[in-house]
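Peer 1: take a look and give me a structure for this.
(2 chains)
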Amino acid sequence: MKQQKIANIWSFLILLAGTVFMIAPFLWTLSTSMKDQRNVFEIPPKWIPEPATFGNYSDVWEQSPLLNGFANSLIIVVTVLTIGLFVSAMSSYAFSKFDFPLKNALFMGLLGTMMIPYSVVMIPQYIGFSWLNWVDTLLPLIIPGLFGNIVVVFFLRQYLSGALPNDLIEAAKIDGCSFPRIFWSIALPVMKPALAAQAALGFMGIWNDFLGPLIYLHTPENQTIQVLIASMQALYIGQSNYPMIMAAAVIAMIPVILVFFFCQRYFIESLAISGIKG
Amino acid sequence: MTTTKFSGYRRKELFWLYLFVAPPVLGFLLFGLAPMLFSIYISFQNWDMLTSPTSAGLGNYKELLQDEKVFKSLFNTVYLMIGIPIGMVISLLLAILMNRPLKGISFMRTIYYLPVISPIIAVSLLWQWILNKDYGLLNNLLWDWFGIQGPNWLGDADWVKPSLILIGLWGGVGGNMVLYLAGLQSIASSYYEAAEIDGAGAWHKFTKITVPLLTPIHFFVLVMGIIGAFQSFSQIYVLAVDGGPEYSGATIVFYIFEHAFKYFNMGYASAAAWLLGILIFIVTLIQFKLSNKWVYQD
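Peer 2: Next comes the predicted model:
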């Protein structure tokens, strides 16, 4: 018993030290973002900015269309998540609960797409979208996502096969419920927790996506928040204006951290589940 | 014929089923298969997207094998994978420590997870400042605490990759820790109880029960880690501007990006992308083949 207690204390101390290492960079960023450009190169470094100012935030906000950036990121996330998740739910229902000719071939084919790295399709997709004159619009980042995501389909299919009893579907059929109706009022509600977990993961992936938006979006007003923030580096690092860059970084992080704190359960669950079952 | 084979209900059902699975299949054809085939074609062309493409034969592939930067970026990409096993060890240890009834554990878990969800661009900017040679936090602390003159982390060709690994560890251990924690909690306590009766110590329990029973998670983390490392780009774009000093930070995706979207060498970049695609395919295949040898299945 005593041994257990000592082990617990050691565990706590080691984890606490790790926690400090994990959080320190964030605190340092926050601190720098509230410093005056003149005080930023002080040695030894000061953790509490003195004088503290929010001027960098308002300057960054004025000099870069960050509001547009948030709006653009939000448009992509919301459309892709609502439509894409719904579409994925539809096909996962069909794949998990029914038999139909070519089912396995189709499913295996879709799983194969998981093997194609983005860099292989990135160039031809870019050429295709530029033929459609979609470069510098959000469309190339939205449209492919509307067709559902095979990883999500795979995950939801696993979930449904365990969570939705076949008898329930049969009973609804006998009661004269149509196919789409069964999906809408029986299968979809059953999937809710799994959908929430996938939405959390999807939000993170799409909001933090960089390579795609970087390739397609050129005008600052059309860029997502990540691309805007990345372009600040070129803007301010030449003048070593770290407070401005750190303010921009904080602004980019705030929405994600807020969403994370409110939906933490889904984030951690989704990761744990997808890891073990995937 | 079909009327005898399928009843009216079944026919309707089949209609709905195909309708339901159509979008991802269509998506695969439009955004997966078609681009892939097109990419094979352009990899044999010279094309800048302004003039019409001209046939290059095997030229792009030959050129690829002669460019020193290809090998450099491939080497860098593989070098950065050193972080994967290190990260696995750290996150497993953290998970074991966390799998105890401690105060404030859920708060600490949240903190460890914070870097995982933070936007990689913002995180990269933050580290760029911390790793600044003269005024960065890290070198200042190294000097104050240990009297060590820290290196020029991101400005010295020898230190760029270790810096990237360090940042990757900070950003990644929290995610894998959660995976391992879930894995630990799924191990039945009866295994440990039986081992204790047989007189096994902590080390034996760890090496003979914990580690082998977690092999599915080791496998998942390893496969995803390697696929992810092959495709790392965003942090490189910010932390190793133009590939870093002496191209020491450039990864293969960065190389492809440069040739496609800076020089608009679409054919050449496609050839490089195929080199990467085939590489990922082979490595993943080998991992799955080897997995029967060491991954535990119940």
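Peer 1: what are the ranges of the helices in the stretch 151-278 of chain A?
Peer 2: A:166-174, A:179-182, A:188-207, A:211-216, A:225-236, A:242-262, A:264-277 (DSSP state H, counting those that start in this stretch).
Peer 1: name the element whichever residue of the stretch 1-150 of chain B sits closest to chain A belongs to?
Peer 2: Nearest residue of the stretch 1-150 of chain B to chain A (C-beta to the nearest C-beta) works out as B:G27 at 2.7 Å. Glycine gets a C-beta too; all of them are placed from N, C-alpha and C. Assigned by DSSP states H and E, B:G27 belongs to helix B:8-28.
Peer 1: quick one, that helix and helix A:166-174 angle?
Peer 2: 120 degrees (axes from the mean of the first three to the mean of the last three C-alpha atoms, to 10 degrees).
Peer 1: could I get the average pLDDT for whatever helix or strand comes next after helix B:8-28?
Peer 2: Next helix or strand after helix B:8-28 toward the C-terminus (DSSP H and E): helix B:34-42. Helix B:34-42 comes out with an average pLDDT of 95.
Peer 1: stretch B:161-172 too?
Peer 2: On average, stretch B:161-172 scores 96.
Peer 1: before we move on, the earlier item: weakest of the helices of the stretch 151-278 of chain A by average pLDDT?
Peer 2: Across these, the lowest-scoring stretch is helix A:264-277, with a mean of 64.
Peer 1: how much space separates A:W134 from B:S270?
Peer 2: 20 Å (C-beta to C-beta, to the nearest Å).
Peer 1: which one's more surrounded, those two?
Peer 2: Shown here are A:W134 and B:S270; by other C-beta atoms under 10 Å in any protein chain shown, B:S270 has more neighbours (30 against 17).
Peer 1: would the more buried one count as being in a strand?
Peer 2: No. B:S270: not assigned to a strand; according to DSSP: H, G, I helix; E, B strand; the rest coil it is helix.
Peer 1: tell me the contacts of it?
Peer 2: A:123-124, B:39-40, B:42-43, B:60, B:260 (C-beta atoms under 8 Å, 6 or more residues apart in numbering or on different chains).
Peer 1: what is the burial count for whichever residue of the stretch 1-150 of chain A sits closest to chain B?
Peer 2: Nearest residue of the stretch 1-150 of chain A to chain B (C-beta to the nearest C-beta) works out as A:F147 at 2.7 Å. Residues lying near A:F147 (other C-beta under 10 Å) number 23.
Peer 1: tell me the centre residue of chain B?
Peer 2: Residue closest to the mean C-alpha point of chain B, counted by C-alpha atoms, centre = their mean, is B:G228 at 1.6 Å.
Peer 1: chain center to the helix or strand that one falls within: distance?
Peer 2: If you go by DSSP H and E, B:G228 is part of helix B:215-230. Mean-position distance between helix B:215-230 and its chain equals 8 Å (C-alpha atoms, centre = their mean, to the nearest Å).
Peer 1: restricting to C-alpha, output it in CSV.
Peer 2: This file holds the C-alpha atoms of helix B:215-230, laid out as CSV (Å, rounded to 0.1, in the frame of the first residue of the first chain):
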residue,chain,number,x,y,z
THR,B,215,0.9,-4.4,-30.1
PRO,B,216,-2.3,-3.5,-32.1
ILE,B,217,-1.8,0.1,-30.9
HIS,B,218,1.9,0.1,-31.5
PHE,B,219,1.1,-1.0,-35.0
PHE,B,220,-1.6,1.6,-35.6
VAL,B,221,0.6,4.4,-34.2
LEU,B,222,3.6,3.2,-36.3
VAL,B,223,1.7,2.9,-39.6
MET,B,224,-0.1,6.2,-39.2
GLY,B,225,3.1,7.9,-38.0
ILE,B,226,5.1,6.7,-41.0
ILE,B,227,2.3,7.6,-43.5
GLY,B,228,2.0,11.0,-41.8
ALA,B,229,5.8,11.6,-41.8
PHE,B,230,6.0,10.8,-45.5
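Peer 1: the chain - how does it break down into domains?
Peer 2: You didn't say which chain, so I picked chain A. A:2-54, A:61-277 (automatic domain parsing).
Peer 1: the intended chain is chain B.
Peer 2: B:2-62, B:64-294.
Peer 1: how about the helix or strand harbouring A:G69 and chain B, touching?
Peer 2: For A:G69, the host element (DSSP H and E) is helix A:66-97. Yes. Part of helix A:66-97 sits near chain B under the criterion C-beta under 8 Å from any C-beta of the partner chain, namely A:87-88, A:90-91, A:93-95.
Peer 1: can you give me the buried ones in that helix?
Peer 2: Buried residues in helix A:66-97, defined by neighbour count with 16 or more other C-beta atoms under 10 Å in any protein chain shown: A:66, A:68-70, A:72-73, A:76-77, A:79-81, A:83-85, A:87-97.
Peer 1: on that earlier part again, deepest of the domains of chain A, which one?
Peer 2: Ranked by mean neighbour count under mean count of other C-beta atoms under 10 Å in any protein chain shown, the domains of chain A are led by domain A:61-277, which reaches a mean of 19.
Peer 1: how far does that one sit from the chain's center?
Peer 2: On C-alpha atoms, centre = their mean, the centre of domain A:61-277 falls 7 Å from that of its chain.
Peer 1: next: stretch A:16-34.
Peer 2: On C-alpha atoms, centre = their mean, the centre of stretch A:16-34 falls 23 Å from that of its chain.
Peer 1: now stretch B:211-223
Peer 2: 15 Å.
Peer 1: what lies in contact with that stretch?
Peer 2: With contact meaning C-beta under 8 Å, 6+ apart, stretch B:211-223 is reached by A:275-276, A:278, B:84, B:88, B:91-92, B:176, B:179-180, B:183-184, B:187, B:191, B:284, B:287-288, B:291, B:294-297.
Peer 1: ok, stretch A:209-225 next?
Peer 2: By C-beta under 8 Å, 6+ apart, stretch A:209-225 touches A:64-66, A:68-70, A:72-73, A:76, A:118, A:122, A:126, A:129, A:134-138, A:140-141, A:207, A:226-228, A:230-231, A:252, B:119-121, B:233-234, B:237, B:253, B:257, B:261.
Peer 1: list the contacts of the residue lying closest to A:R181 once chain neighbours are set aside.
Peer 2: Leaving aside its sequence neighbours, A:R181 sits nearest to A:A172 (C-beta to C-beta, 6 or more residues apart in numbering or on different chains; 7.9 Å). Applying C-beta under 8 Å, 6+ apart, we find A:A172 in contact with A:181-182, A:186.
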